[in-house]
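**Q** Got a predicted structure here, sequence first:
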Amino acid sequence: MRILIVSQYFWPENFRINDIVEFLISKGHSVDVLTGYPNYPEGKIFKNYKENPNKFKTYFGANIIRIPVRLRRKSTKLDLFLNYLTFILSSIIFGGFKLRKKKYDVIFTFATSPITVALTSIYFSKLKNAKSVLWVLDLWPDILEELKILNNKFVLKLLRSTVSYIYRNTDLILAQSQSFKTLINSAYKVNKIEYFPAWKEEIRSKNTKEELINFSRDKSKLKICFTGNIGEAQNFENIMIAANILKNQDDIEWIIVGTGRNIEQIKKYKEENNIENFHFLGSKPLQDIGYYHEIADILLVSLKSGKALSSTIPGKVQTYLNSNKFILGFIEGEAKKIIEDSECGQVVDPNSPKELAEKIIYLKNNRSILEKVFLEKKGLKYLNENFDKNKIFQNLNLFIEDTYNSIEKIKLIKSPKSVPWNKNFTLSGLNLAFLGYYSKGIIKLHSDLYHWSDGIFFKRFFNKLTKKYAGRDLVNQIQLADSIERIYVFGSLPRNSLNYIKKKFSREVIHIDLPYDTVENLYRNYCNFTFEKKDFIILTLPTPKQEQFAEFIRNDNKHYKIICVGGAVVMASGEERQMPEFFEITGTEFIWRLRTDTNRRLRRLLSSFAYYILGEISFKFKRVKKEFIENE
């Protein structure tokens, strides 16, 4: 499989996407990585990259395509905005040029903040006719609102619309926590979402620098270690308040390994309050992190309070579990549950720095609690049971392969004789209305959805394979299978048209008239029974309501045979005036129908056409396979 990875961060920067690329290469996939120049977190291009950029052109056999971006620099809001914006623009413009001759099956997005990086992936998935997979690591824009980074209602609404567009145009969403999965599903009604958590980072314990030796010498001191990013989310304002409470505790030592945009503000607080037992060591190579875990008595993980933040599992949690050290969670939600379920630590309210300080004093005076966690190795046991890297990666490979194999199809029957009576099916006209609402995402394709050639737009997909069949032609010519004993008709149907159905098919007919309401309400209130093999269902609702109603039936029933005919029965029965032959031959029946109920039909026609044009512009139809069904 040919896979393009889109990630703003990549090796030699330390992110888990590096592990994913290595794994995909090991599975025999061809992988390209579209990324920027390595500058995280300091905002400067890495020295070793500048000295020898050719050394960083491939990674375990994956080709790395780098595009110019404005660096993070001092990580101010303006710096980060320009960094994110230039990556999107540059990846589309320069990336588009560099990848112009490349073909891909899947586009995989590593979506750290901001999720807008996925706009690049959507562009390439449409351009390359490829499936798109998105790994969501932060809930945007909820996290911005909770951290009070953004309060403007208009901008938040715009971002939510952008996120909705991203989710709707992604074939598979991978959620880093179960809570993410629930929240995304409930808010955006996504196509497909799977749980895909992080795993422990591969770190070694080899550092023997003097600063570490000094920390490790005094065994009497309680050493609290935090590793990772220091930003708005990590709740360092409250950590520093707790540190200030404990600043006269000479037998307590804080070791902070990492950096971030809030680092200067935190350092200033430390200096102003003369907190001498709090040590900032800056960013360290990944291979050195294991040593800091070794010398620590307590590993600290923290996040501010909030719905989106509580749903997040900081990546360090899995790495902490691997150390078997006591984990102190200044956190709530999913991470709190992991710490408590694993029995490898304790958790305090992230809004209470006083409680954090009290808990540290308690642990200092009861070190047997810390020793028990280490000796019983419950962290490692829980890690292997819930975050096994091999299992997570095997699931990833299955997710990607299933997504690639789930290419949507438009299946067109040759004639009314080709209706697949031997299986479940939904049959609908392939016309402007259907294609428009499919383009909008209101109607979905599925394996047992079939079409007959209606209107003029079927020629866009099946030009010379079949002739046009109007809905009334299908109703007139269709022959029911002998196994069908009962017909259900849902929707408006005049008495003469109902009699026409009874006479034509010589079966029991049950007509259920439907008032004006939402599709879900109609289905729940008027279709609260189970269909059998002997049943045939006719829907006379307009598109897209009839296709949505059929989808409810499909989801709730083991057996179903459905035809979505709109007003075709009324025309077939002769109750509606026969249209001139010219309109039928040219496929422009919609013009003839505008003579009645003009305003409603004109609005519907214009919206369908607009949605259809958007589908063409966005390559929506290019990604759909076409299958011509002669006999089933």
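**A** Thanks, I have the structure now. From a predicted model like this one, the values you see are computed outputs, not experimental measurements.
**Q** Okay, helices next: where are they in the stretch 1-150 of the chain?
**A** Ranges of helices in the stretch 1-150 of the chain, per DSSP state H, counting those that start in this stretch, are 17-26, 47-51, 77-98, 118-127, 142-146.
**Q** I'd like those written out as TSV, with mean pLDDT and mean neighbour count added.
**A** Heads up, the C-betas are built off the backbone N, CA and C, glycines and all. Shown next, in TSV, are the helices of the stretch 1-150 of the chain (pLDDT from 0 to 100; neighbours: other CB atoms under 10 Å):
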stretch	mean pLDDT	mean neighbour count
helix 17-26	94	20
helix 47-51	87	11
helix 77-98	88	17
helix 118-127	90	22
helix 142-146	76	20
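**Q** is it possible to export the ones you listed to TSV including distance to Ile478?
**A** Shown next, in TSV, are the helices of the stretch 1-150 of the chain (distance: least, CB to CB, whole Å):
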stretch	distance to Ile478
helix 17-26	48
helix 47-51	67
helix 77-98	48
helix 118-127	37
helix 142-146	50
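**Q** Nearest approach to Tyr320 belongs to which of those?
**A** helix 17-26 (17.4 Å; CB to CB).
**Q** Can you spell out the domain ranges of this protein, please?
**A** The record's domain parsing of the chain by automatic domain parsing lists 2-195, 210-387, 409-629.
**Q** out of those domains, which comes closest to Leu396?
**A** domain 2-195 (7.1 Å).
**Q** Show me the residue at the heart of the chain, geometrically.
**A** Among the residues of the chain, the one closest to the centroid is Ile173, at 2.5 Å (CA atoms, centre = their mean).
**Q** If we ignore the residues flanking it in sequence, what's nearest that one?
**A** Ile193 (4.4 Å; CB to CB, 6 or more residues apart in numbering).
**Q** Can you give me the first-to-last residue distance of stretch 231-250?
**A** 27 Å (CA to CA, to the nearest Å).
**Q** related to what we said a few turns ago, wait, which of the domains of the chain is closest to Asn395?
**A** Nearest of these (CB to CB): domain 2-195, 7.7 Å.
**Q** How are the helices of the stretch 451-600 of the chain distributed by residue range?
**A** Per DSSP H, counting those that start in this stretch, the stretch 451-600 of the chain carries helices over the ranges 471-477, 495-505, 519-526, 545-556, 568-572, 581-586, 589-593, 598-617.
**Q** any idea which of those is most buried?
**A** Highest mean neighbour count among these (mean count of other CB atoms under 10 Å): helix 568-572, with a mean of 23.
**Q** hmm, back to that, mean pLDDT lowest for which of the helices of the stretch 451-600 of the chain?
**A** Lowest mean pLDDT within the helices of the stretch 451-600 of the chain: helix 581-586, at a mean of 62.
**Q** which residues does Tyr195 contact?
**A** Contacts for Tyr195 were tallied using CB atoms under 8 Å, 6 or more residues apart in numbering; they are Leu174, Ala175, Ser177, Gln178, Lys181.
**Q** what about the fourth one, distance to Asn386?
**A** Between Gln178 and Asn386 the distance, using CB to CB, to the nearest Å, works out to 11 Å.
**Q** Common neighbours of the two, please.
**A** Between them, Gln178 and Asn386 share no contacting residue under CB under 8 Å, 6+ apart.
**Q** Can you tell me which of the contacts of Tyr195 are classed as buried?
**A** Leu174, Ala175, Ser177, Lys181 (16 or more other CB atoms under 10 Å).
**Q** from what I can see the third one touches Pro197, true?
**A** So the one you mean is Ser177. Yes. Counting by CB atoms under 8 Å, Ser177 does reach Pro197; the two are 6.7 Å apart.
**Q** Show me what the spatially closest residue to Ile484 that is not a sequence neighbour bridges to in the sheet.
**A** Leaving aside its chain neighbours, Ile484 sits nearest to Phe536 (4.7 Å; criterion: CB to CB, 6+ apart). Counting by DSSP bridges, Phe536 is bridged to Ile487.
**Q** residue contacts, Phe536?
**A** Phe536 sits next to Leu480, Ile484, Arg486, Ile487, Tyr488, Arg507, Lys561, Ile563 when contact means CB under 8 Å, 6+ apart.
**Q** how does it look with 10 Å?
**A** 421, 478, 480-481, 483-489, 505, 507, 509, 560-563 (CB atoms under 10 Å, 6 or more residues apart in numbering).
**Q** how about low-confidence regions in the chain?
**A** 191, 203-218, 456-459, 463-466, 577-597, 631-632 (pLDDT under 70).
**Q** Farthest out from the centre of it, which residue is that? Tell me.
**A** Within the chain, counting by CA atoms, centre = their mean, Lys503 lies farthest from the centre, at 50.4 Å.
**Q** So it versus Ala572, what's the distance?
**A** For Lys503 relative to Ala572 (CB to CB), the value is 12 Å.
**Q** Tyr438 now?
**A** Per CB to CB, Tyr438 is found 25 Å from Ala572.
**Q** Save the domains of the chain as JSON lines, and put in distance to Asn395 too.
**A** Shown next, in JSON lines, are those (distance: least, CB to CB, whole Å):
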{"stretch": "domain 2-195", "distance to Asn395": "8"}
{"stretch": "domain 210-387", "distance to Asn395": "12"}
{"stretch": "domain 409-629", "distance to Asn395": "23"}
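**Q** can you pull the buried residues of stretch 96-108?
**A** Gly96, Leu99, Tyr104, Asp105, Val106, Ile107, Phe108.
**Q** Show me where the stretch 201-350 of the chain has its strands.
**A** According to DSSP state E, counting those that start in this stretch, the stretch 201-350 of the chain carries its strands in the segments 222-227, 252-257, 278-282, 298-302, 326-330, 345-348.
**Q** Tell me which of those strands lies nearest to Leu432.
**A** strand 298-302 (54.6 Å).
**Q** what pairs with the closest one, and is each one parallel or antiparallel?
**A** Applying DSSP bridges, strand 298-302 is found paired with strand 222-227 (parallel), strand 326-330 (parallel).
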